[in-house]
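**Student:** got a sequence here, can you model it:
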Amino acid sequence: MLQLRRRETILRNHATNIISLQSDLTDQGEATMRYMEMLASTVVTVGTLALVAGVFSL
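**Tutor:** As a prediction, this is how the structure comes out:
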(Lines give C-alpha, C1' and ligand atoms only; values in the text may rest on other atoms or scores of the structure.)
Protein backbone atom coordinates (compact mmCIF):
# COMPACT_ATOMS: atom_id res chain seq x y z
CA MET A 1 0.00 0.00 0.00
CA LEU A 2 2.82 2.37 0.89
CA GLN A 3 4.52 1.56 -2.41
CA LEU A 4 1.33 2.41 -4.32
CA ARG A 5 1.07 5.78 -2.60
CA ARG A 6 4.70 6.46 -3.36
CA ARG A 7 4.19 5.65 -7.04
CA GLU A 8 1.07 7.81 -7.10
CA THR A 9 3.07 10.73 -5.68
CA ILE A 10 5.82 10.21 -8.25
CA LEU A 11 3.28 10.12 -11.09
CA ARG A 12 1.63 13.30 -9.79
CA ASN A 13 5.00 15.04 -9.69
CA HIS A 14 5.71 13.92 -13.26
CA ALA A 15 2.32 15.20 -14.39
CA THR A 16 2.98 18.56 -12.72
CA ASN A 17 6.39 18.79 -14.42
CA ILE A 18 4.87 17.94 -17.81
CA ILE A 19 2.19 20.63 -17.40
CA SER A 20 4.86 23.15 -16.40
CA LEU A 21 6.99 22.26 -19.45
CA GLN A 22 3.96 22.48 -21.71
CA SER A 23 3.23 25.96 -20.39
CA ASP A 24 6.84 27.04 -20.96
CA LEU A 25 6.76 25.72 -24.53
CA THR A 26 3.50 27.55 -25.19
CA ASP A 27 5.04 30.81 -23.93
CA GLN A 28 8.11 30.27 -26.11
CA GLY A 29 5.92 29.51 -29.12
CA GLU A 30 3.94 32.71 -28.63
CA ALA A 31 7.16 34.74 -28.29
CA THR A 32 8.49 33.13 -31.49
CA MET A 33 5.29 33.99 -33.34
CA ARG A 34 5.49 37.63 -32.20
CA TYR A 35 9.12 37.77 -33.35
CA MET A 36 8.22 36.29 -36.75
CA GLU A 37 5.37 38.80 -37.17
CA MET A 38 7.73 41.65 -36.34
CA LEU A 39 10.32 40.30 -38.78
CA ALA A 40 7.73 39.95 -41.55
CA SER A 41 6.53 43.49 -40.92
CA THR A 42 10.10 44.78 -41.16
CA VAL A 43 10.68 42.91 -44.44
CA VAL A 44 7.48 44.36 -45.91
CA THR A 45 8.43 47.88 -44.78
CA VAL A 46 11.95 47.64 -46.25
CA GLY A 47 10.56 46.19 -49.48
CA THR A 48 8.01 48.99 -49.78
CA LEU A 49 10.69 51.63 -49.19
CA ALA A 50 12.93 50.02 -51.81
CA LEU A 51 10.04 49.95 -54.28
CA VAL A 52 9.20 53.61 -53.67
CA ALA A 53 12.87 54.58 -53.99
CA GLY A 54 13.05 52.64 -57.27
CA VAL A 55 9.98 54.40 -58.66
CA PHE A 56 11.32 57.84 -57.76
CA SER A 57 14.71 57.09 -59.31
CA LEU A 58 13.14 56.53 -62.73
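**Student:** contacts and neighbour counts: CA atoms only from here.
**Tutor:** Will do.
**Student:** now do the residue most central in space within the chain against E37, distance only.
**Tutor:** Residue closest to the average C-alpha location in the chain (CA atoms, centre = their mean): G29, at 1.3 Å. As judged by CA to CA, to the nearest Å, G29 and E37 stand 12 Å apart.
**Student:** if we can go back for a sec, let me know the helix or strand that the residue nearest to the centre of the chain is in.
**Tutor:** Using DSSP states H and E, G29 sits in helix 2-56.
**Student:** what is that helix packed up against?
**Tutor:** Packed against helix 2-56 by the contact rule (3 or more CA pairs under 8 Å, 6 or more residues apart in numbering; DSSP states H and E) you find no helix or strand.
**Student:** so how far is that helix from its chain's centroid?
**Tutor:** Taking CA atoms, centre = their mean, to the nearest Å, one finds helix 2-56 lying 1 Å from the centre of the chain it belongs to.
**Student:** burial count for V43?
**Tutor:** 12 (other CA atoms under 10 Å).
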